[in-house]
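**Q** Here is my input; please provide its structure:
(one chain, ligands or ions: 2)
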Amino acid sequence: MKVHEFISESEEMTLALGIRLAKLLPSGSVVALAGDLGCGKTVLSRGIARGLDIAEAVTSPTFTVAQEYRRPNGEYLYHLDMYRIADENAALAFGIDEFLFQPNAVTLVEWPEQIAGLLDDERLRTVRFRHLDENRRAISIENWLEEEALKQEMEKAGLTVL
Ligand SMILES: Nc1ncnc2c1ncn2[C@@H]1O[C@H](COP(=O)(O)OP(=O)(O)OP(=O)(O)O)[C@@H](O)[C@H]1O
Ligand SMILES: [Mg+2]
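**A** Ligands and ions are numbered 1, 2, ... in the order given. The predicted structure follows:
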(Lines give C-alpha, C1' and ligand atoms only; values in the text may rest on other atoms or scores of the structure.)
(Ligands and ions follow the chains in the order given, each with its own letter.)
Protein backbone atom coordinates (compact mmCIF):
# COMPACT_ATOMS: atom_id res chain seq x y z
CA MET A 1 0.00 0.00 0.00
CA LYS A 2 1.29 3.43 -0.96
CA VAL A 3 1.42 6.02 1.83
CA HIS A 4 2.14 9.72 1.43
CA GLU A 5 3.13 11.61 4.53
CA PHE A 6 3.02 15.38 5.00
CA ILE A 7 3.79 17.74 7.82
CA SER A 8 1.20 20.37 8.65
CA GLU A 9 2.64 23.27 10.62
CA SER A 10 -0.64 24.96 11.48
CA GLU A 11 -4.40 24.69 11.58
CA GLU A 12 -4.52 26.83 8.43
CA MET A 13 -2.29 24.37 6.61
CA THR A 14 -4.51 21.43 7.54
CA LEU A 15 -7.51 23.43 6.36
CA ALA A 16 -5.73 24.07 3.05
CA LEU A 17 -4.97 20.37 2.73
CA GLY A 18 -8.66 19.58 3.17
CA ILE A 19 -9.66 22.04 0.46
CA ARG A 20 -7.19 20.38 -1.92
CA LEU A 21 -8.21 16.84 -1.01
CA ALA A 22 -11.84 17.66 -1.72
CA LYS A 23 -10.95 18.09 -5.39
CA LEU A 24 -9.75 14.49 -5.44
CA LEU A 25 -12.82 12.92 -3.89
CA PRO A 26 -15.41 11.48 -6.22
CA SER A 27 -18.90 10.99 -4.83
CA GLY A 28 -19.27 7.52 -3.36
CA SER A 29 -16.00 7.75 -1.50
CA VAL A 30 -15.55 7.48 2.24
CA VAL A 31 -12.60 9.04 4.06
CA ALA A 32 -11.56 7.53 7.38
CA LEU A 33 -9.96 10.20 9.60
CA ALA A 34 -7.84 8.41 12.19
CA GLY A 35 -5.90 9.91 15.08
CA ASP A 36 -6.03 11.04 18.70
CA LEU A 37 -8.26 13.65 20.29
CA GLY A 38 -7.48 17.12 19.03
CA CYS A 39 -5.17 16.02 16.21
CA GLY A 40 -7.12 17.89 13.51
CA LYS A 41 -9.74 15.53 12.10
CA THR A 42 -12.48 18.12 12.32
CA VAL A 43 -10.22 20.87 10.98
CA LEU A 44 -9.50 18.72 7.92
CA SER A 45 -13.22 17.99 7.58
CA ARG A 46 -13.90 21.73 7.57
CA GLY A 47 -11.41 22.14 4.73
CA ILE A 48 -12.93 19.29 2.74
CA ALA A 49 -16.39 20.84 3.20
CA ARG A 50 -15.10 24.15 1.93
CA GLY A 51 -13.51 22.40 -1.06
CA LEU A 52 -16.89 20.81 -1.81
CA ASP A 53 -18.42 24.31 -1.91
CA ILE A 54 -20.34 23.99 1.34
CA ALA A 55 -20.84 27.42 2.87
CA GLU A 56 -22.25 26.22 6.21
CA ALA A 57 -19.88 26.06 9.18
CA VAL A 58 -18.74 22.51 9.87
CA THR A 59 -18.59 21.83 13.58
CA SER A 60 -17.58 18.81 15.56
CA PRO A 61 -20.30 16.17 15.14
CA THR A 62 -19.43 14.59 18.49
CA PHE A 63 -22.88 15.04 19.96
CA THR A 64 -24.80 14.21 16.82
CA VAL A 65 -23.06 11.12 15.35
CA ALA A 66 -24.02 12.19 11.83
CA GLN A 67 -24.20 15.62 10.28
CA GLU A 68 -25.50 16.16 6.75
CA TYR A 69 -24.47 19.05 4.48
CA ARG A 70 -25.93 19.74 1.06
CA ARG A 71 -23.66 20.81 -1.76
CA PRO A 72 -24.69 23.39 -4.39
CA ASN A 73 -24.71 20.57 -6.97
CA GLY A 74 -27.42 18.73 -5.00
CA GLU A 75 -25.10 16.06 -3.63
CA TYR A 76 -24.16 15.60 0.02
CA LEU A 77 -21.33 15.59 2.50
CA TYR A 78 -21.86 13.33 5.51
CA HIS A 79 -19.68 13.95 8.54
CA LEU A 80 -19.75 11.06 11.01
CA ASP A 81 -18.22 10.79 14.47
CA MET A 82 -18.03 7.24 15.83
CA TYR A 83 -16.42 8.21 19.15
CA ARG A 84 -19.48 7.37 21.20
CA ILE A 85 -20.60 4.42 19.10
CA ALA A 86 -19.73 1.20 20.92
CA ASP A 87 -19.30 -1.13 17.95
CA GLU A 88 -20.51 -2.07 14.50
CA ASN A 89 -23.85 -3.39 15.69
CA ALA A 90 -24.58 -0.13 17.46
CA ALA A 91 -23.64 1.74 14.29
CA LEU A 92 -25.93 -0.43 12.17
CA ALA A 93 -28.75 0.06 14.67
CA PHE A 94 -28.19 3.80 14.30
CA GLY A 95 -28.61 3.45 10.52
CA ILE A 96 -25.01 4.02 9.49
CA ASP A 97 -25.64 2.23 6.19
CA GLU A 98 -27.48 5.25 4.84
CA PHE A 99 -24.32 7.33 5.17
CA LEU A 100 -21.62 5.02 3.79
CA PHE A 101 -20.60 4.65 0.14
CA GLN A 102 -23.62 6.51 -1.19
CA PRO A 103 -23.28 7.35 -4.89
CA ASN A 104 -24.42 10.95 -4.30
CA ALA A 105 -22.27 11.73 -1.27
CA VAL A 106 -18.77 12.06 0.11
CA THR A 107 -18.55 10.72 3.66
CA LEU A 108 -16.00 11.60 6.35
CA VAL A 109 -15.65 9.32 9.39
CA GLU A 110 -13.94 10.40 12.61
CA TRP A 111 -12.95 7.51 14.92
CA PRO A 112 -13.29 4.95 12.09
CA GLU A 113 -11.70 2.17 14.20
CA GLN A 114 -15.05 1.73 15.90
CA ILE A 115 -16.61 0.46 12.68
CA ALA A 116 -13.61 -0.94 10.79
CA GLY A 117 -15.57 -3.94 9.53
CA LEU A 118 -18.08 -1.68 7.79
CA LEU A 119 -15.38 0.28 5.97
CA ASP A 120 -13.62 -2.57 4.20
CA ASP A 121 -14.22 -1.35 0.65
CA GLU A 122 -12.04 -0.16 -2.23
CA ARG A 123 -13.78 3.23 -2.12
CA LEU A 124 -12.28 3.90 1.32
CA ARG A 125 -9.40 6.33 1.64
CA THR A 126 -7.61 6.84 4.95
CA VAL A 127 -6.01 9.93 6.45
CA ARG A 128 -3.99 9.29 9.60
CA PHE A 129 -2.88 12.08 11.95
CA ARG A 130 -0.04 12.07 14.46
CA HIS A 131 0.56 14.82 17.03
CA LEU A 132 4.15 16.04 16.73
CA ASP A 133 3.87 19.10 18.96
CA GLU A 134 1.42 21.87 19.72
CA ASN A 135 1.04 23.05 16.14
CA ARG A 136 2.57 20.34 14.03
CA ARG A 137 0.87 17.19 12.79
CA ALA A 138 2.17 14.37 10.62
CA ILE A 139 -0.63 13.54 8.20
CA SER A 140 -0.42 10.39 6.14
CA ILE A 141 -2.65 9.59 3.26
CA GLU A 142 -3.19 5.95 2.44
CA ASN A 143 -4.73 4.14 -0.52
CA TRP A 144 -5.44 7.32 -2.45
CA LEU A 145 -6.09 6.27 -6.02
CA GLU A 146 -5.02 9.38 -7.91
CA GLU A 147 -1.33 9.37 -6.99
CA GLU A 148 0.04 12.10 -9.25
CA ALA A 149 -2.89 14.46 -8.76
CA LEU A 150 -2.52 14.01 -5.01
CA LYS A 151 1.16 14.96 -5.03
CA GLN A 152 0.52 18.02 -7.16
CA GLU A 153 -2.31 19.23 -4.95
CA MET A 154 -0.20 18.76 -1.83
CA GLU A 155 2.64 20.80 -3.25
CA LYS A 156 0.21 23.59 -4.12
CA ALA A 157 -1.06 23.50 -0.53
CA GLY A 158 2.53 24.10 0.64
CA LEU A 159 2.74 20.78 2.46
CA THR A 160 6.12 19.23 3.05
CA VAL A 161 6.28 15.78 1.52
CA LEU A 162 8.36 13.35 3.58
N1 LIG B 1 -1.33 21.64 12.28
C2 LIG B 1 -2.56 21.60 12.82
N3 LIG B 1 -3.57 21.02 12.14
C4 LIG B 1 -4.80 20.95 12.69
N5 LIG B 1 -5.15 21.44 13.88
C6 LIG B 1 -4.18 22.02 14.62
C7 LIG B 1 -2.85 22.13 14.11
N8 LIG B 1 -2.10 22.76 15.04
C9 LIG B 1 -2.91 23.03 16.06
N10 LIG B 1 -4.17 22.60 15.83
C11 LIG B 1 -5.29 22.70 16.79
O12 LIG B 1 -5.64 21.38 17.17
C13 LIG B 1 -7.06 21.30 17.35
C14 LIG B 1 -7.64 20.25 16.43
O15 LIG B 1 -8.99 20.09 16.77
P16 LIG B 1 -10.00 19.15 16.00
O17 LIG B 1 -11.33 19.42 16.57
O18 LIG B 1 -9.82 19.26 14.54
O19 LIG B 1 -9.48 17.70 16.46
P20 LIG B 1 -10.17 16.30 16.23
O21 LIG B 1 -9.10 15.41 15.72
O22 LIG B 1 -11.39 16.44 15.42
O23 LIG B 1 -10.51 15.86 17.73
P24 LIG B 1 -11.72 14.94 18.27
O25 LIG B 1 -11.22 13.52 18.26
O26 LIG B 1 -11.91 15.43 19.66
O27 LIG B 1 -12.91 15.13 17.41
C28 LIG B 1 -7.63 22.67 17.08
O29 LIG B 1 -7.75 23.34 18.29
C30 LIG B 1 -6.54 23.31 16.22
O31 LIG B 1 -6.50 24.72 16.36
MG1 LIG C 1 -13.40 16.02 15.77
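**Q** and Asp121, how many neighbours?
**A** Look at Asp121: counted by other Cβ atoms under 10 Å, it has 11 neighbours. Where you see a C-beta, it was placed from the backbone N, CA and C, and this is true even at glycine.
**Q** who's in contact with it?
**A** Contacts here follow Cβ atoms under 8 Å, 6 or more residues apart in numbering; on that basis Asp121 touches Val30, Phe101.
**Q** quick check, it in a strand?
**A** No: read with DSSP: H, G, I helix; E, B strand; the rest coil, Asp121 is coil and lies in no strand.
**Q** heads up, I number from 53, so please use that
**A** Sure thing, new numbering starts at 53, so read that last one as Asp173.
**Q** What pLDDT is listed against it?
**A** Here, the pLDDT recorded for Asp173 equals 93.
**Q** One more: Met53?
**A** Note for Met53: predicted pLDDT of 66.
**Q** how much space between the residue lying farthest from the centre of the chain and ligand 2?
**A** For the chain, the largest distance from the centre (Cα atoms, centre = their mean) belongs to Ala145, which lies 22.9 Å off. Distance, Ala145 to ligand 2, by Cβ to the ion, to the nearest Å: 22 Å.
**Q** now the helix or strand where that residue lies, how far from the chain's geometric center?
**A** If you go by DSSP states H and E, Ala145 is part of helix 140-146. The chain centre lies 20 Å from the centre of helix 140-146; the measure is Cα atoms, centre = their mean, to the nearest Å.
**Q** Mind checking what helix or strand follows that helix in sequence?
**A** strand 157-162.
**Q** what's the next secondary structure element after that next one?
**A** Following strand 157-162 in sequence, per DSSP H and E, is strand 176-183.
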